[in-house]
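In: Turn this into a structure:
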Amino acid sequence: MAEVLLERSDRVAVITVHDPRRRNALTLDLSDRLADAVRSCESDPDVHAVVVTGAPPAFCAGADLTALGESREEGLRRIYAGFLAVANCSLPTVAAVGGAAVGAGLNLALACDVRVVGPEARFDARFLQLGIHPGGGMTWMLQRLVGPQTATAMTLFGQVLGADAAVGRGLAWQRVDGGHDELVAAAAELARPAAGAPRDLVRTIKASMRATAALTDHAEAVDVELAPQAASIGTPEFQARLAAAKARISGRD
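Out: Numbering: from 1, shown residues only. Model (predicted):
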């Protein structure tokens, strides 16, 4: 049965696109369910970070070809909706990529803030080979992560990045050896500091990073960060952590 699974543990949610028989290809229904799962995480005050993965053996084989072949602009936007919900998520996101991320599946991986990969991970644009133009902002996301040369090699020259190449090119943060469970566990562990921090602070920091990424002037970035930093200093969470830090320091004297 094609479905999107959502599990929560220790303030980290794991979203799994689950249709292994079809290598987790995104139908309109699965894309809708993926977007719903992301919204559920954002509305849950006990979720501070999100891991996105696909049921093995693939991460996501792209858009369902039947749905893609019948789509026009409205249908394409529905296909995009799932990975765009991930891209626009206010919480930190980690992709656990254990297999092929192809086409729209590559977009889903790119939509996350950080990617960790298993030994069988493959990042494959594939649009050109299918005779279709890239969509969903893939060229923008890919170039921002790996630069124009690698993005061009992948998009126009059909180059596919495996796990080690993805880490080497900056597309992935780390390789995790082992099976799918170990990969998801490593992604959840990477998310643990965000999970343990105040939720509002985590969301504000992510929003500030998005805002400053578009800036070219350092002084503007200082201004963007000034008000939220001042606000965070006045929170009970900061005061409690400050008092604990002072107590630890005093204990060493």
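In: Would you confirm that residue 18 contacts residue 6?
Out: No - counting by CB atoms under 8 Å, residue 18 stays clear of residue 6, with 10.3 Å between them. Just so you know, the C-beta spots here come from the backbone N, C-alpha and C atoms, and that holds for glycine as well.
In: low pLDDT regions in the protein?
Out: Scanning the chain for pLDDT under 70 picks out 253.
In: coming back round to it: more neighbours, residue 18 and residue 6?
Out: More crowded of residue 18 and residue 6, by other CB atoms under 10 Å: residue 6, with 19 against 16.
In: what helix or strand does the closest residue to that one other than its chain neighbours sit in?
Out: Excluding the flanking residues, the one nearest residue 6 by CB to CB, 6 or more residues apart in numbering is residue 37, at 4.8 Å. Taking DSSP states H and E as the criterion, residue 37 maps to helix 28-43.
In: Can you list the helices and strands that the helix or strand that that helix is followed by packs against?
Out: As assigned by DSSP H and E, the chain's next helix or strand after helix 28-43 is strand 49-54. Helices and strands touching strand 49-54, by 3 or more CB pairs under 8 Å, 6 or more residues apart in numbering; DSSP states H and E, are strand 12-18, strand 93-97, helix 180-190.
In: what does strand 49-54 rub up against?
Out: With contact meaning CB atoms under 8 Å, 6 or more residues apart in numbering, strand 49-54 is reached by 11-18, 23-24, 38, 41, 59-60, 86, 89, 91-99, 105, 108, 112, 180, 183-184, 187-188, 191, 194-195, 202.
In: now stretch 2-21, how far from the centre of its chain.
Out: Put simply, stretch 2-21 sits 14 Å off its chain's centre (CA atoms, centre = their mean, to the nearest Å).
In: So which bits of it are buried?
Out: Neighbour counts using 16 or more other CB atoms under 10 Å place 2, 4, 6, 11, 12, 13, 14, 15, 16, 17, 18, 19 of stretch 2-21 among the buried residues.
In: Export those residues to JSON lines and append columns for distance to residue 140.
Out: As requested, the buried residues of stretch 2-21 are exported to JSON lines (distance: CB to CB, whole Å):
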{"residue": "2", "distance to residue 140": "29"}
{"residue": "4", "distance to residue 140": "25"}
{"residue": "6", "distance to residue 140": "28"}
{"residue": "11", "distance to residue 140": "31"}
{"residue": "12", "distance to residue 140": "28"}
{"residue": "13", "distance to residue 140": "26"}
{"residue": "14", "distance to residue 140": "27"}
{"residue": "15", "distance to residue 140": "23"}
{"residue": "16", "distance to residue 140": "26"}
{"residue": "17", "distance to residue 140": "22"}
{"residue": "18", "distance to residue 140": "28"}
{"residue": "19", "distance to residue 140": "27"}
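In: Of the helices and strands packed on strand 49-54, which is nearest residue 75?
Out: strand 12-18 (18.7 Å; CB to CB).
In: For that closest one, C-alpha coordinates in PDB please.
Out: This file holds the C-alpha atoms of strand 12-18, laid out as PDB (Å, rounded to 0.1, in the frame of the first residue of the first chain):
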ATOM      1  CA  VAL A  12      12.100  14.300  16.100                       C
ATOM      2  CA  ALA A  13       9.600  13.300  13.500                       C
ATOM      3  CA  VAL A  14      10.400  10.700  10.800                       C
ATOM      4  CA  ILE A  15       8.400  11.000   7.600                       C
ATOM      5  CA  THR A  16       8.700   8.000   5.300                       C
ATOM      6  CA  VAL A  17       7.500   7.900   1.800                       C
ATOM      7  CA  HIS A  18       6.400   4.200   1.700                       C
END
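In: So residue 208: helix, strand or coil?
Out: Following DSSP: H, G, I helix; E, B strand; the rest coil, we place residue 208 in the helix state.
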